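Asks: Dropping a prediction and its sequence here:
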Amino acid sequence: MSGETMDNLVWKDLWYTAQTVKVYELCCTRYSNKMKRRNRIYEWIIIALPLIGAALYKLNPLFTLIASILTGLEAILEKFKPFLTQSEKELSELRVLQGKFAEILSDIEDGILSFRVDSATDSDLKTLLTKKKKQISKLSPLLDSIVRKVPDNEHLNDEALNYLNSKYNV
């Protein structure tokens, strides 16, 4: 295989691996932020429903019924909490994953820079890519087990591509 063809293959592999890792990193960040916001809103709803019911109790006897219904609704919402929110333990694991993906991305970006200034051989870059792809393959199932729904995958791909294009002027 000619040197130029090999350079293209190495470049594309570096680029796509960096894009994939950036998407994973963005997914961790977006999903974690979304779930933290959802947890806060959910907690406020759980607090507010009985308070509203108690406050309405004094105003009118009909509001006693409304207060009972709101308190019952609060109990029902408590039962659905595991399905609607994410536990703090899982969010903590997600933050750790995000850090690992950021570290992998940093290493790949170092490889991209080495490739662009010709300070790394194809063999060095192949070793780097193999090592990082193995790390990614171990981390992605963990990500899949925590993230219930990927937040706007197309937008994440576009954002990762824009990040790499702007960083490397491609």
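Replies: It's in. Just so it is clear, the structure is predicted and the values come from calculations on it, not from any experiment.

Asks: Excluding sequence neighbours, find me the nearest residue to K126.
Replies: Excluding its sequence neighbours, the residue lying closest to K126 (C-beta to C-beta, 6 or more residues apart in numbering) is V10, at 7.2 Å. C-beta coordinates here come from the backbone N, C-alpha and C atoms, glycine included.

Asks: Check E25 too.
Replies: F101 (4.1 Å).

Asks: What of Y31?
Replies: In space, Y31 is closest to V147, 5.1 Å off (C-beta to C-beta, 6+ apart).

Asks: Am I right that that neighbour is in contact with L94?
Replies: Yes. Checked against C-beta atoms under 8 Å, the pair V147 and L94 is within contact range at 7.4 Å.

Asks: quick one, helices of this protein?
Replies: Under the criterion DSSP state H, the chain contains helices at 3-57, 62-84, 88-116, 122-146, 153-168.

Asks: distance of the nearest residue to L129 once chain neighbours are set aside from K132?
Replies: Among residues not flanking L129 along the chain, D13 sits closest, at 5.7 Å (C-beta to C-beta, 6+ apart). Noted for D13: a distance of 10 Å to K132, by C-beta to C-beta, to the nearest Å.

Asks: of the two, who's got more company?
Replies: With neighbours defined as other C-beta atoms under 10 Å, D13 and K132 compare such that K132 has more, 20 against 16.

Asks: residues touching the more buried one, list them.
Replies: By C-beta atoms under 8 Å, 6 or more residues apart in numbering, K132 lies in contact with 17, 21, 104, 107-108.

Asks: Those: which two are farthest apart?
Replies: The span of the contacts of K132, defined through C-beta to C-beta, is set by T17 and D107 at 10.3 Å.

Asks: Tabulate the contacts of K132 (a markdown table), appending neighbour count and distance to E78.
Replies: As requested, the contacts of K132 are exported to a markdown table (neighbours: other C-beta atoms under 10 Å; distance: C-beta to C-beta, whole Å):
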| residue | neighbour count | distance to E78 |
| --- | --- | --- |
| T17 | 20 | 44 |
| V21 | 27 | 38 |
| I104 | 23 | 39 |
| D107 | 17 | 44 |
| I108 | 25 | 44 |
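
Asks: quick revisit: mind listing the shared neighbours of V147 and L94?
Replies: What both V147 and L94 touch, as defined by C-beta under 8 Å, 6+ apart, is the set 28, 31.

Asks: starting at the chain centroid, how far to the worst-scoring helix or strand of the chain on mean pLDDT?
Replies: Comparing helices and strands within the chain by mean pLDDT, DSSP states H and E singles out helix 62-84 as the least confident, with a mean of 78. Centre-to-centre, helix 62-84 and its host chain are 31 Å apart (C-alpha atoms, centre = their mean, to the nearest Å).
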